[in-house]
Structure formats: C-alpha cells, structure tokens
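Asker: What follows is a predicted protein model with its sequence.
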Protein chains: 2
Amino acid sequence: MKRITIKDLAQQAGVNPSTVSRALKDHPDISPALRDRVKQLAEQLHYRPNHMAVYLRQRTSRLVGLVIPEITMFFYPSLIKGVEQVLHNHGFSLVMLPSNESLDRETENIQICFDNDVAGLLIAFSRETNNTEHLALLEEAGAPIVMVDKVLENSGFDAVVLDDYSDARAAVTHLVATGCQRIAGVFGNPNMHITQLRLKGFTDVLKASQLPLDPEQLLFANDAAEAQECVQQLLRAPLPPDGLFAMSDEIITGALPALLDSGRKIPDDCAVVCMSDGLLPHFLRPQVTFLRHDGFALGQLAAERLCAMIKSGEHLQADYQGRQIVLEAQLIEQETTRPLNALALK
Amino acid sequence: MKRITIKDLAQQAGVNPSTVSRALKDHPDISPALRDRVKQLAEQLHYRPNHMAVYLRQRTSRLVGLVIPEITMFFYPSLIKGVEQVLHNHGFSLVMLPSNESLDRETENIQICFDNDVAGLLIAFSRETNNTEHLALLEEAGAPIVMVDKVLENSGFDAVVLDDYSDARAAVTHLVATGCQRIAGVFGNPNMHITQLRLKGFTDVLKASQLPLDPEQLLFANDAAEAQECVQQLLRAPLPPDGLFAMSDEIITGALPALLDSGRKIPDDCAVVCMSDGLLPHFLRPQVTFLRHDGFALGQLAAERLCAMIKSGEHLQADYQGRQIVLEAQLIEQETTRPLNALALK
DNA sequence: AACCGTTGCGCAATCGATTTCTGTTGATAA
DNA sequence: TTATCAACAGAAATCGATTGCGCAACGGTT
C-alpha cells in the first residue's frame, strides 16, 4: 500500500533526498561508494520514481497521445501496433484517443493531451476536420505534432503519409492495363483529404486512358456496410462496370461480398483492385490485387519522427517548417485482375 | 507557450491562489460574487488545471491502463472501442499497453501502470501468463483490477468474461444437430484458459453425441495463417471432416479460405461454425454460422465495472472477493451449416 | 602558513493545485 | 457596548522529485 519515495531512501541511507536523487542518476557530484549504496537500497526496497512528480517538475510526461478518427478493424490496428512498438522502444506510453469522426471530440482529445502534458501528439484527422486551429493549444504548449495518414495540407506540421494520389493511379492503371473498359470506383468519405487524392488519381488515369468517367460509377461510403450497398446499386445499373476500384480495406470488405452475391465471376465479369494494408486481402476469397499500404510501417515512421522531434526540440524554432515523409507502397497482384497479356488478346 | 496557472488567475483577480482553487470548485466559504468572477476569468484566460499537479496531490490519476495480449484486427478493436467509450464517459483516458503475448512485457506494462498511478487496470492475459503474481504491485498500490476475456481462475480479481464453455457447446451442438458425423476443431493457443474452456465444450458435446473424437482432428493455431495451414493439413487426411468448428474470428479467417481453396462446397461437403465478434462473418463468403461474442459489449461491461470500483473503492476491503460477470452470447445462423431439418431427412 | 581548487553533499526553492490552520472582517445578539 | 459567530480569505504545508546554490573538508600550491 505504501509507496517508497525518495525520502524513504534518504532516511534509510542517512543522506539528503537530493543526494539520493543525484545518486540514482549518476550525477558526478556523488561518490561512487554512496552512489552504489543508494542504488542497492533502491533496488532492495523496490523503489520506483513517481512519474507524476517528475512530470510536474519537468513539465513534460512520458505519454504520447494518438488521436485517430475511429477504432476499426481496418488499417488502424496495424498503425497502432507500429506506433506503440516504436514509442515503447523510446520509453513512451500510448494514450489512445479516438475521435469517432467528430471534430468536437477531436478537439476534446487535444485538450486531454494538453491536460496530461503529453510529450507529443500523433494525429489522423476525422472526416469533419478541415483545419488545424484546434491544435494551437498543444502547439503553443511546445508539444511536437506529427500528422499521420489522414492529414491536411499546408498546416505547417510534420506529416507521415502514403502517396495517395500516385498509389491510386498505380492501382487504377493496373486495372486499365488488364483491359477494363468501364471502371467504377468506390471511395471513403469525400471530405477526407485522402479520398480526394485517391479520387483524383482515379479520375486522372481514366481521363488519360480516354475511358468513360460516369459520375454514377463514382460512389462514396462511410463504412463496409455502405460500400456493400453502393456496389449492389452499381450492379443494378443498365451498364454495370467490368472493373472495380476500392479505395481501402474497409471498402473492399463490403464491395467484394456484393460482387460475389450477384453471382459475378471475378475477374471475368468484373476485375477488382483495391488499396489495402495487406492483411485482409490475404484471407479474402478471391484474393484481391491491391496496392499495399503498410499501416504498421506508417505507424513506425510517424512515431520515430515524433520521438526525434521530442528529443531534438526542432519544432520549437520560430521558423520551423513541417517535414513530409512519404512511405512507398507496393503492388501485389492476385487473380482478381485479368493477366496483363489480356490486352494482347483483345 | 506559457500555461495559465492558478497563480495567474489569483494575481489577475487580486486574491490568493487558495481562494481561486476554492472558487473554482464551489467551496461554500467563497462568496458567489467572487466565485463567479473567478470562474469567468478562468474561462477568459482558458485556464486548464494541471492534471499532474492534481494527481500528485491526490495520489490518483484519470488514466486507466488497458493491457491486452496483442493488437490485432480480430476482436480487440471492438473491445477497445467499448472500453474507451465507457472510460471517456467517466472522464478517464486510456493507456494502451499491448504485451505481445509475452509475460515479461505484461509485467513491464503493470509497472508502467504503477509508475503512472493509474486509477485502475483492465487486463486480458497473454498466453504465457498462468498466475497473477505480477499484479501484486498494482494491487498493493490500491488500484482496482478487472480481468477481461482472457482471464485466470481463482485469482480473486473481478472478471468480465464470456461463457466460453457453454458457448462452445452451443456452437458445436448446432453442428451436430445439422447432421455432421466427423467434426474437426481448430483452436487458439492451448495455453490460454479460454482455449481450454472452448475445447472442453467441444469435446464434451462430441462425447455426449457419441461422435468420434479423433486427436488428429483437434488442431491449434496461434494466428490466422497457422489456422489456414491447419485446415489444409486436415483436408489432406484420409477421412476429412464433414463439420468444422473454429474457435475465433482469427481462426475462421484462416480456416475458411483453406476450405474454399480445396474446392469444397459449404455446407454440403463440410459445414462450418465459429465463435466470433460478429463483424467479420458479415463480410466473409460464404457467411458463417457463429456464436456471437460481442467484444464491444464486453469492453463496455468491463470498463463499467472498473469505474464502479474506482468510485466505490470496494476492492480495498480486506475480505474483498472478485466478482464475475458473464456476458451472454447469441447464435447467428447462416448458410454454412445445413438446415436443422436435415436430420429428419437422414 | 595562507590560499585555492576540488570533491561531496545538504539546504531550500520549485513545479501547480489542494487543504488545514489562522486571522480578519462585519453583523447580530446580549 | 461588547461578546459571539458567520463569512471570507490568506499563509503555509503538502504531494515527490529535481536542481541551483552554498559550504565544509581536504589536498595541494606557493
């Protein structure tokens, strides 16, 4: 019940608390003999410094806030895992703060970070968020901030992202290359920056390929269930698609069952490609060709960057410019797209 | 950059810091006039009390530790979400501490909780854990502890669990009722208590039904990929199963593709049933009959119980006995098992 | 012998909020 | 008019760890 404090150690050792403090952190002022004696005593009594007291004194904790739009089974588990691993290696603990896709809640989460004197913040914005005003509180408090995955442009903060535009291009290009003529796209919430980028990648490829860009073939869904409905609707159209692009794990998880339920053969009736963390496609049947967006690696990168900033304090300089780190993706081909030489057969 | 403290308010208001403190928390000694003036000032200057200082003084934080074996896309996202929702409603923040299925790491996580003076702990044990000695540190510090999902028996701590034994029975019984004769089971790590309970449920039903219990039809897998291999192996046997029980989301995620890849028809060649959070089966094809284990509700229950303990302090009594809360599950029938009247047809 | 630098450690302030103990008003009752 | 008691607010201690400053003791220098 009773917690051992530095005073207890001091009393036991017959020295001043300040001396104990210095001994424990190898201050040169303390003689090796006393230092060892104190350390041994601390060991014996299972002394553990009270973080709260240290935080209070040093005005910063060993906590890092992770604010994400929502806790889902898609993508974020990987990201969280990557983040946590790196943070732990650097001696930080993770405070999980989901925003439930609400700006208000996101703002509140920032305040919680402030209240707890977090050493830094990792944030993926909700779909309601379109500026970074609510980060000012923490920024002014001197905490480093790294945006990850769902970011905003021109915010001045560091960003660790995927190349959403190019990666979407690559995915759609693959679909085009296999001979699709009417390609539909199912996207996440149109408010999100990553949706806009992926959508632009999608449309740019279709334009460049001189393929039809039917607005009715562009659908938006907030979750897997909505994506399922979207695709069902898509398939009822007089001219259904022969190629489908799914923007994310969440989308493909809804889209694929809808395709299968309609009795279509993949890829013969409709080829499919998506962007994915890479876990799910391994277990979906048929296995989907996808552009691998490694959430784990993204989380690691973001956390490493944040830890570097915490250590260096570089963000405190008046003229500090946020750095942007882009993680490369990888195309993983599966049987849901026709073989590339299908083109030659046409 | 500068943080507003209670001293700043005191200076501005021309009173003593202690008076400000009292005014802000509606102490009867403070006149309404002054109270309102101070509150307004606090509002104006965006005063936020420093949690660390409060923690230090009051010896308890608004942080709750959540220790789970691993961050995966299966089950835990739901659980975390449920936990977080309830904690947030009660004004607590969640510190995420994955153990990576390691007892050492789990022990370390407990220490981190102790160091941060958490108000309470929610824990799902790693598969290496078979006693609760490492919780003593926190217990002695007076923190309430609630075990959730992956628990140990006779530990004296509160437990919020599913009825693993009965639920497994129900699932297997359903399989038997639809006429399966050779039922195989794929389970998680055999070290886990929940595996043992579900395994016992499984075998008890087979025994009671006088069905063969071939040890080669009992397989254990640590993740979805291993489950996939297990089932592949199972299907190569001279007498392959006509019914399959998958213990969890993770298992079914590997098992189902293996079945499909073998070209089998479900349920005609092999009926399938699993235990699941209920999210995934909605998107798997074919849709699997499952016993729904609601992770979200489980997380909510556990967090509610913990918050109640934090408030009441009931766990501090010398003779406190941990309470057990069992969440009921629900059988969700799908096309992966034959219709029940198949029995009559035989 | 007077001086100086170094070593080794204690004193006390500090972080921000809370709380106990006091003390000072002003009002009311005697 | 004085005793008494609210109402109100300040001083100071407290939580645990850290740190600037001071200082004693000792060895070496001139």
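Answerer: Good, I have the coordinates.

Asker: Roughly how far does the residue lying closest to A:A23 once chain neighbours are set aside sit from B:D115?
Answerer: Computed as C-beta to C-beta, 6 or more residues apart in numbering or on different chains, the closest residue to A:A23 that is not its neighbour in sequence is A:V38, at 3.9 Å. The way it works is simple: take the backbone N, C-alpha and C, and place the C-beta from them, glycine included. According to C-beta to C-beta, to the nearest Å, A:V38 and B:D115 sit 19 Å apart.

Asker: Repeat that for A:P286.
Answerer: 49 Å.

Asker: which secondary structure element contains A:G185?
Answerer: A:G185 is part of strand A:183-187 when elements are defined by DSSP states H and E.

Asker: For that strand, what is the distance to the chain centroid?
Answerer: Once both centres are worked out by C-alpha atoms, centre = their mean, to the nearest Å, strand A:183-187 turns out to sit 23 Å from its chain's centre.

Asker: what helices or strands is it leaning on?
Answerer: If contacts are counted by 3 or more C-beta pairs under 8 Å, 6 or more residues apart in numbering or on different chains; DSSP states H and E, strand A:183-187 sits against helix A:164-177, helix A:193-208, strand A:218-220, helix A:224-236, strand A:243-246, helix A:249-261.

Asker: Look up how far DNA strand D lies from the closest residue to DNA strand C within the stretch 201-346 of chain A.
Answerer: In the stretch 201-346 of chain A, the residue that lies nearest DNA strand C is A:L316 (17.1 Å; C-beta to the nearest atom of the strand). For A:L316, the distance to DNA strand D under the criterion C-beta to the nearest atom of the strand, to the nearest Å works out to 18 Å.

Asker: which residues sit in contact with that residue?
Answerer: Each residue near A:L316 by C-beta atoms under 8 Å, 6 or more residues apart in numbering or on different chains is listed here: A:G142.

Asker: go on, A:L199?
Answerer: For A:L199, the set of contacting residues under the criterion of C-beta under 8 Å, 6+ apart consists of A:168, A:185, A:187, A:190, A:218.

Asker: burial count for the second one?
Answerer: Read it as A:G185. Using other C-beta atoms under 10 Å in any protein chain shown, A:G185 has 27 neighbouring residues.

Asker: what's the closest non-adjacent residue to it?
Answerer: Spatial nearest neighbour of A:G185, excluding adjacent residues (C-beta to C-beta, 6+ apart): A:F245 at 4.4 Å.

Asker: tell me the pLDDT at that neighbour?
Answerer: According to the per-residue confidence, A:F245 scores 97 in pLDDT.

Asker: ok, which residues in chain A are in contact with DNA strand C?
Answerer: Taking C-beta under 7 Å from any atom of the strand as the criterion, the neighbours of DNA strand C within chain A are A:14-19, A:29-31, A:33-34, A:53, A:56-57, A:59.

Asker: Cross these against helices and list the overlap.
Answerer: When helices are assigned by DSSP state H, the members of the residues of chain A next to DNA strand C inside them are A:17-19, A:33-34, A:53, A:56-57.

Asker: hmm, which two among the residues you listed are most spread apart?
Answerer: Largest separation among those by C-beta to C-beta: A:A33 and A:L56, giving 31.5 Å.

Asker: who has more neighbours, those two?
Answerer: Ranked by neighbour count (other C-beta under 10 Å), A:A33 and A:L56 place A:L56 first, with 19 against 8.

Asker: what about the residue in the stretch 51-200 of chain A positioned nearest to DNA strand D, neighbour count?
Answerer: With C-beta to the nearest atom of the strand, the shortest gap between the stretch 51-200 of chain A and DNA strand D falls at A:A53, namely 3.4 Å. The tally of other residues near A:A53 (other C-beta under 10 Å) stands at 16.

Asker: Tell me if I'm right that it and B:L56 touch.
Answerer: Yes. Using C-beta atoms under 8 Å, A:A53 makes contact with B:L56 at a distance of 5.5 Å.

Asker: What residues does the stretch 201-346 of chain A have near chain B?
Answerer: A:224-225, A:228, A:253-254, A:256-257, A:260-261, A:279-280, A:282-285 (C-beta under 8 Å from any C-beta of the partner chain).

Asker: Can you give me the buried ones in the lengthiest helix in chain A?
Answerer: The residue-count maximum for a helix in chain A (DSSP H) belongs to helix A:295-312. Residues A:295-307, A:309-310 are the ones in helix A:295-312 that count as buried (16 or more other C-beta atoms under 10 Å in any protein chain shown).

Asker: list the contacts for the closest residue to DNA strand C within the stretch 151-300 of chain A?
Answerer: Taking C-beta to the nearest atom of the strand, DNA strand C has its nearest neighbour within the stretch 151-300 of chain A at A:F157, 24.8 Å off. For A:F157, the contact set (C-beta under 8 Å, 6+ apart) comprises A:132, A:135, A:139, A:145-147, A:322.

Asker: Try it again at 7 Å.
Answerer: For A:F157, the contact set (C-beta atoms under 7 Å, 6 or more residues apart in numbering or on different chains) comprises A:132, A:145-147, A:322.

Asker: so how far is A:M147 from it?
Answerer: With distances taken as C-beta to C-beta, A:F157 is found 5 Å from A:M147.

Asker: that older thread, and A:V38 and B:D115? Which one has more around it.
Answerer: For A:V38 versus B:D115, neighbours defined as other C-beta under 10 Å are more numerous around A:V38 (24 against 17).

Asker: quick check: mean pLDDT across the host helix or strand of that one?
Answerer: Here A:V38 sits within helix A:32-44, counting by DSSP H and E. What helix A:32-44 shows for mean pLDDT is 91.

Asker: Surely A:T107 and A:E133 touch.
Answerer: No. With contact taken as C-beta atoms under 7 Å, A:T107 and A:E133 are classed as non-touching, separated by 8.9 Å.

Asker: Those two - which one has more neighbours?
Answerer: Set A:T107 next to A:E133 and count neighbours by other C-beta under 10 Å: A:T107 wins out with 17 against 10.

Asker: Now that one: which helix or strand?
Answerer: When secondary structure is defined by DSSP H and E, A:T107 falls within helix A:103-115.

Asker: Show me what that helix is packed against.
Answerer: Using 3 or more C-beta pairs under 7 Å, 6 or more residues apart in numbering or on different chains; DSSP states H and E as the contact criterion, the neighbours of helix A:103-115 among helices and strands are strand A:63-68, helix A:136-140.

Asker: just checking, what packs against the shortest one?
Answerer: Here helix A:136-140 touches helix A:103-115, going by 3+ C-beta pairs under 7 Å, 6+ apart.

Asker: Now the helix it packs on - C-alpha only, PDB.
Answerer: In PDB, the C-alpha atoms belonging to helix A:103-115 read as follows (Å, rounded to 0.1, in the frame of the first residue of the first chain):
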ATOM      1  CA  LEU A 103     -14.300  17.400 -34.700                       C
ATOM      2  CA  ASP A 104     -15.600  18.200 -31.300                       C
ATOM      3  CA  ARG A 105     -14.400  15.000 -29.900                       C
ATOM      4  CA  GLU A 106     -11.100  15.500 -31.600                       C
ATOM      5  CA  THR A 107     -10.800  19.000 -30.100                       C
ATOM      6  CA  GLU A 108     -11.500  17.500 -26.700                       C
ATOM      7  CA  ASN A 109      -8.800  14.900 -27.300                       C
ATOM      8  CA  ILE A 110      -6.300  17.600 -27.900                       C
ATOM      9  CA  GLN A 111      -7.300  19.200 -24.600                       C
ATOM     10  CA  ILE A 112      -6.800  15.900 -22.900                       C
ATOM     11  CA  CYS A 113      -3.300  15.700 -24.400                       C
ATOM     12  CA  PHE A 114      -2.700  19.200 -23.100                       C
ATOM     13  CA  ASP A 115      -4.000  18.400 -19.700                       C
END
